[in-house]
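Engineer: Provided below are the primary sequence and the corresponding predicted coordinates.
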Amino acid sequence: EAGVTQSPTHLIKTRGQQATLRCSPISGHTSVYWYQQALGLGLQFLLWYDEGEERNRGNFPPRFSGRQFPNYSSELNVNALELEDSALYLCATPPAGRPGTDTQYFGPGTRLTVL
Amino acid sequence: RKEVEQDPGPFNVPEGATVAFNCTYSNSASQSFFWYRQDCRKEPKLLMSVYSSGNEDGRFTAQLNRASQYISLLIRDSKLSDSATYLCVVILHSGGYQKVTFGTGTKLQVIP
């Protein structure tokens, strides 16, 4: 089965702009988790979507938002970009049919650079 | 105190050596634990789950010590290809959702 996919691979924006990142989970998976991995920091949990709803949110300002579509793909939107938003953004899904399972498989990530 | 802490390393070890990493967590109610491997500029990949009884996968052994609130990863007979950053993950289930916390990772460099 195809893995988790993310687009774009790289994204370059300037301060104040908006960024939209996309994630498609493995077919049949309903949960999508978003993480931010900034240089020198660990993965920070951003958002969790399941069955089209936001289930949980990490400690990030409201300008980080997202949504999940009926086909379970997801978008992460970052408004009013700041330099410190430069990071690798990863999405992950647990195995199909087991949304409560803890194991997560990651997409390749989108590297966002804010100039 | 951080919720999950790891020694950032780097751990520089010769090929064939045995190396161990620890990861401590602060919330005693944490329920699930994992080790991930992350290569430079790549996404994390699941290495193994960690159980109280300990589990082994080839050269890799993971242990959980609930009393002292840490998990460990032991790598025997290190290979050059083991060079990577190893992330521990601690999951807490609460109110119908799970809180996933990653450590900042321990960098391993296996040298010839």
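Structural biologist: Okay, I see it. Numbers count the residues shown, from 1 in each chain, chains lettered A, B, ... in the order given.
Engineer: what about chain B, any weak spots by pLDDT?
Structural biologist: Scanning chain B for pLDDT under 70 picks out the ranges B:95-98.
Engineer: just the strands in it please.
Structural biologist: Applying DSSP state E to chain B gives strands spanning B:4-6, B:11-14, B:19-25, B:32-38, B:45-49, B:55-57, B:60-65, B:70-75, B:84-94, B:97-102, B:106-111.
Engineer: got the angle for the fifth one vs strand B:84-94?
Structural biologist: Relative orientation of strand B:45-49 and strand B:84-94, computed by axes from the mean of the first three to the mean of the last three CA atoms, to 10 degrees: 60 degrees.
Engineer: out of the strands of chain B, the one nearest residue A:20 is which?
Structural biologist: With CB to CB, the closest approach to residue A:20 among the strands of chain B belongs to strand B:97-102: 23.4 Å. Using the backbone N, CA and C atoms, a C-beta is placed for each residue, glycine as well.
Engineer: alongside chain A, which residues does chain B contribute?
Structural biologist: Listed as neighbours of chain A in chain B under the rule CB under 8 Å from any CB of the partner chain: B:4, B:32, B:34, B:41-46, B:49, B:87, B:91, B:96-105.
Engineer: can I get the strands of chain B in JSON lines including mean neighbour count?
Structural biologist: Formatted as JSON lines, the strands of chain B follow (neighbours: other CB atoms under 10 Å in any protein chain shown):
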{"stretch": "strand B:4-6", "mean neighbour count": "20"}
{"stretch": "strand B:11-14", "mean neighbour count": "15"}
{"stretch": "strand B:19-25", "mean neighbour count": "20"}
{"stretch": "strand B:32-38", "mean neighbour count": "21"}
{"stretch": "strand B:45-49", "mean neighbour count": "16"}
{"stretch": "strand B:55-57", "mean neighbour count": "12"}
{"stretch": "strand B:60-65", "mean neighbour count": "18"}
{"stretch": "strand B:70-75", "mean neighbour count": "20"}
{"stretch": "strand B:84-94", "mean neighbour count": "21"}
{"stretch": "strand B:97-102", "mean neighbour count": "20"}
{"stretch": "strand B:106-111", "mean neighbour count": "18"}
